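Colleague: return atomic coordinates for the entry below.
(4 chains)
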There are 2 protein chains.
Amino acid sequence: MQDLIRQAEALCQRSGMAFTAPRRRVLEILAASETPMKAYDLISKAGEGGQATKPPTVYRALDFLCQLGLVHRIEQDATFVACNHAGHSQPVALFVCNTCLKATEVAYDEVSQILEKAAAAKGFHLKRLVVEGRGQCQDCAIAA
Amino acid sequence: MQDLIRQAEALCQRSGMAFTAPRRRVLEILAASETPMKAYDLISKAGEGGQATKPPTVYRALDFLCQLGLVHRIEQDATFVACNHAGHSQPVALFVCNTCLKATEVAYDEVSQILEKAAAAKGFHLKRLVVEGRGQCQDCAIAA
DNA sequence: CCTAGTATGTTATTACATAACACTCTATAA
DNA sequence: TTATAGAGTGTTATGTAATAACATACTAGG
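Modeller: Model prediction:
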């Protein structure tokens, strides 16, 4: 997790972007969380201790972090999760466990090629792809 | 489009579910729309002419129609679109054009198998899958 | 030093979705 | 016939997600 922060710093430096306090704070909170978080939980968490934090501050940080690929937004339920593969922004699928709510990240290449072809067959040129799943993770399967 | 309504009626009859007025109304509006619609546009559209329609009425109808596979929810932007392949609820990917906003539906099988395997490799058992894309459709590519 | 660009702080509002409860309708079994 | 269970709708209110708009601060280049 400290790792992730360092990666973020390095990434920002390379691309000439500022890794400012609110951005760091949001990433730290997400990195420390076991499960994806809702924006408003992030907002209240970010406000603990220090000064109150308002929605736009957090949403702006999230936009920034998502663009860098350091954070992913899970569209299904509007939650946010820190990314493992910081930096190399290959497409990833996010699988969320219905029981423990943890997210598993899976890189795919094959899939995106197939989908691009399938889209192309209908004349559609794909720019962005969202692949998400729900189900049961290994730990919860064992526990059950 | 009349077709879709008839399919819906048949589908409901077979499964012993009621194809009630609000459900029909919501499906009609969606089927008549060129592009996916936001819930609140649906709500105000549904309220035109007849009596005012409130959010829960429409959301309930949408839940119902989504469960039957007659309507899809596009998670990226929280819109809803009527489905072509009523009845046989195979997994579909939805590709939305950034220009004209129309949605293209593409069935996939291959992809879901690959993703299931990829998930299984991490011990994850997949139950539901969301595949969505953004890009440019054929018509808009030609126009540009 | 000033000014353009980038980022944050703050207020207010818009958009998306559901909880909770009362009511209606219909089928079925006493 | 009437009771009652189930499914569905109507309505009020509220909860939750996200952004518009504008003021302010920081920093680097002319």
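Colleague: need the residues of chain A near DNA strand C, please.
Modeller: A:17-18, A:20-23, A:51-57, A:60-61, A:64 (Cβ under 7 Å from any atom of the strand). Where you see a C-beta, it was placed from the backbone N, CA and C, and this is true even at glycine.
Colleague: and the top strand by length along chain A, anywhere near DNA strand D?
Modeller: Longest strand in chain A by number of residues (criterion: DSSP state E): strand A:125-136. No: against DNA strand D, strand A:125-136 shows no contacts by Cβ under 7 Å from any atom of the strand, the least distance being 13.3 Å.
Colleague: tell me the buried residues in that strand?
Modeller: Residues A:125-126, A:129-136 are the ones in strand A:125-136 that count as buried (16 or more other Cβ atoms under 10 Å in any protein chain shown).
Colleague: which of those residues sit farthest apart?
Modeller: A:His125 and A:Gln136 (35.4 Å; Cβ to Cβ).
Colleague: re the thing from before, most neighbours out of the residues of chain A next to DNA strand C, which is it?
Modeller: Counting neighbours by other Cβ atoms under 10 Å in any protein chain shown, A:Ala61 comes out on top of the residues of chain A next to DNA strand C with 25 neighbours.
Colleague: so it makes contact with A:Pro22?
Modeller: Yes: between A:Ala61 and A:Pro22 there is a contact under Cβ atoms under 8 Å: 4.9 Å.
Colleague: domain parsing for chain A?
Modeller: Annotated domains of chain A cover A:2-82, A:92-143 [automatic domain parsing].
Colleague: relative to B:Cys100, which of those domains is closest?
Modeller: Short answer: domain A:92-143, nearest of those by Cβ to Cβ, at 11.5 Å.
Colleague: straight-line length of the closest one, end to end?
Modeller: Domain A:92-143 has an end-to-end distance of 27 Å (criterion: Cα to Cα, to the nearest Å).
Colleague: tell me the mean pLDDT for it?
Modeller: Averaging pLDDT along domain A:92-143 yields 95.
Colleague: circling back: closest to B:Ala144 out of the buried residues of strand A:125-136?
Modeller: Nearest to B:Ala144 among the buried residues of strand A:125-136, with distances taken as Cβ to Cβ, is A:His125, at 10.5 Å.
Colleague: which parts of chain A are strands?
Modeller: Under DSSP E, chain A gives strands at A:37-38, A:71-74, A:79-82, A:92-97, A:103-107, A:125-136.
Colleague: looking at the ones you listed, which is nearest to chain B?
Modeller: strand A:125-136 (4.1 Å; Cβ to the nearest Cβ).
Colleague: is chain B contacted by the closest one?
Modeller: Yes: Strand A:125-136 reaches chain B (Cβ under 8 Å from any Cβ of the partner chain) through A:125-136.
Colleague: show me what stretch A:50-69 is in contact with.
Modeller: Residues from elsewhere that reach stretch A:50-69, judged by Cβ atoms under 8 Å, 6 or more residues apart in numbering or on different chains: A:8, A:11-12, A:15, A:17, A:22-23, A:25-27, A:30, A:39-40, A:42-44, A:46-47, A:71-73, A:80, A:83, A:85-87, A:89.
Colleague: can I get it in CSV? Just the C-alpha atoms.
Modeller: Output of stretch A:50-69 as CSV, limited to C-alpha atoms (Å, rounded to 0.1, in the frame of the first residue of the first chain):
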residue,chain,number,x,y,z
GLY,A,50,-8.7,17.1,9.7
GLN,A,51,-11.0,19.6,8.1
ALA,A,52,-14.4,18.7,6.6
THR,A,53,-14.1,17.5,3.1
LYS,A,54,-16.8,18.2,0.5
PRO,A,55,-18.0,16.1,-2.4
PRO,A,56,-16.3,18.0,-5.3
THR,A,57,-12.9,17.7,-3.6
VAL,A,58,-13.2,13.9,-3.5
TYR,A,59,-14.8,13.6,-6.9
ARG,A,60,-12.1,15.6,-8.5
ALA,A,61,-9.5,13.5,-6.9
LEU,A,62,-11.3,10.3,-8.0
ASP,A,63,-11.5,11.6,-11.6
PHE,A,64,-7.8,12.3,-11.5
LEU,A,65,-6.8,8.9,-10.1
CYS,A,66,-9.1,7.1,-12.4
GLN,A,67,-7.5,8.8,-15.4
LEU,A,68,-4.1,7.7,-14.3
GLY,A,69,-5.4,4.2,-13.8
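Colleague: now that stretch: mean pLDDT?
Modeller: 95.
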